[in-house]
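> Pasting the sequence and the predicted coordinates here, then a few questions.
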Amino acid sequence: MSEEKVKTPPPVADPGELILIDKPLTWTSFDVVKKLKFAGKFKKIGHAGTLDPLATGLLILCTGKMTKQIDNYQGQEKEYSGTLVLGKTTPSIDLETEFDQEYPINHVTEEVMQHALAQFKGTILQIPPIYSAVSVGGKRLYELARQGKTDADVEIKSREVTISRFDIDASRFPEVDFSIVCSKGTYIRSLVRDFGLACQSGAYMKALRRERIGEFNVAEALTIEQFVEQRKTETQV
């Protein structure tokens, strides 16, 4: 009687995970991906929506088969809070670069700011900042910026974005705290730059935090340290 060969069941495909991380200040989004890949021993991992190094807050990461959902998460509505400062500018529109110009602010009243705000609600056209990952002629804009190029040297195409909410609190003027709800592809630094111009002055972004992506809130996110500790505990069980 011949023996039947026992069939080995096919390996179960990794369904993947959705991980919410509260990105710390100065870390790049890629830094977070590298850290989690090592800590979680993931073969495949990616993030949905880049945060600048000087921004903090919600970063969605997907592993395994969940990486197919990254575009879906990137396309969802986003909410930010932060602080802009009127009267000074930097080439990067944040504190990554040194101050380059100062502007008058004595004329900037609450009425002036509210009139400026009205220009940035609804669907608008926005020009990405020169310090961004947008590609022009096969090169990233930030690469051109670091070669000394400015907005005047590079033709940057405008893009359509939707601003559902843009609220400010100027009780600490010239620092202005803000809250923004916007569509995919919105550059908050561009909003800060353009708000300063609309106030007939200049502005830079002092702080930025992503509070929400779609239905996911930063309050639900883990810190890097919490994630690493959680994985250590799981492997010890």
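Yep, that arrived. Residues are numbered from 1 along each chain as shown.
> Show me where the chain has its helices.
Listed in chain order, the helices of the chain (DSSP state H) span 29-40, 70-74, 110-117, 141-146, 188-198, 224-236.
> who wins for proximity to residue 217 among those?
Residue 217 sits nearest to helix 70-74 of all those, at 13.5 Å, using C-beta to C-beta. Glycine gets a C-beta too; all of them are placed from N, C-alpha and C.
> now that closest one: how far from the chain's centre is it?
Computed by C-alpha atoms, centre = their mean, to the nearest Å, the chain-centroid distance of helix 70-74 equals 13 Å.
> ok now do the residue nearest the centre of the chain, which residues does it touch?
Geometric centre of the chain, nearest residue: residue 51, 3.1 Å, by C-alpha atoms, centre = their mean. Contact partners of residue 51, counting by C-beta atoms under 8 Å, 6 or more residues apart in numbering, are 23, 29, 57, 59, 210.
> So among those residues, where is pLDDT lowest?
Across the set of these, residue 29 stands lowest in pLDDT, at 94.
> list the contacts for it?
23, 47, 50, 51, 59.
> Show me what the last one is bridged to.
When bridges are assigned using DSSP bridges, the partners listed for residue 59 are residue 21.
> surely it meets residue 31?
No: counting by C-beta atoms under 8 Å, residue 59 does not reach residue 31; the two are 10.4 Å apart.
> which of those two has more neighbours?
residue 59 (25 against 14; other C-beta atoms under 10 Å).
> Name the strands paired with the longest strand seen in the chain and say parallel or antiparallel.
Ranked by residue count under DSSP state E, the longest strand found in the chain is strand 159-172. Applying DSSP bridges, strand 159-172 is found paired with strand 122-126 (antiparallel), strand 175-182 (antiparallel).
> Format these as TSV; extra columns: mean pLDDT, distance to residue 43 and mean neighbour count.
What follows is the strands paired with strand 159-172, written out as TSV (pLDDT from 0 to 100; distance: least, C-beta to C-beta, whole Å; neighbours: other C-beta atoms under 10 Å):
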stretch	mean pLDDT	distance to residue 43	mean neighbour count
strand 122-126	96	37	13
strand 175-182	98	34	19
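> Of all those strands, which one is nearest residue 85?
Each of the strands paired with strand 159-172 has some distance to residue 85 by C-beta to C-beta; the shortest is strand 175-182, at 5.3 Å.
> quick revisit: mind checking which of the strands paired with strand 159-172 is nearest residue 84?
It is, among the strands paired with strand 159-172 and with distance given as C-beta to C-beta, strand 175-182, at 5.2 Å.
> CA atoms of the closest one as PDB?
What follows is strand 175-182 as a C-alpha-only set of coordinates in PDB (Å, rounded to 0.1, in the frame of the first residue of the first chain):
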ATOM      1  CA  GLU A 175       2.700  84.700  17.600                       C
ATOM      2  CA  VAL A 176      -0.600  83.400  16.200                       C
ATOM      3  CA  ASP A 177      -1.900  79.900  17.100                       C
ATOM      4  CA  PHE A 178      -3.900  78.200  14.400                       C
ATOM      5  CA  SER A 179      -6.100  75.200  13.700                       C
ATOM      6  CA  ILE A 180      -6.500  73.900  10.100                       C
ATOM      7  CA  VAL A 181      -8.600  71.100   8.500                       C
ATOM      8  CA  CYS A 182      -7.600  70.500   4.900                       C
END
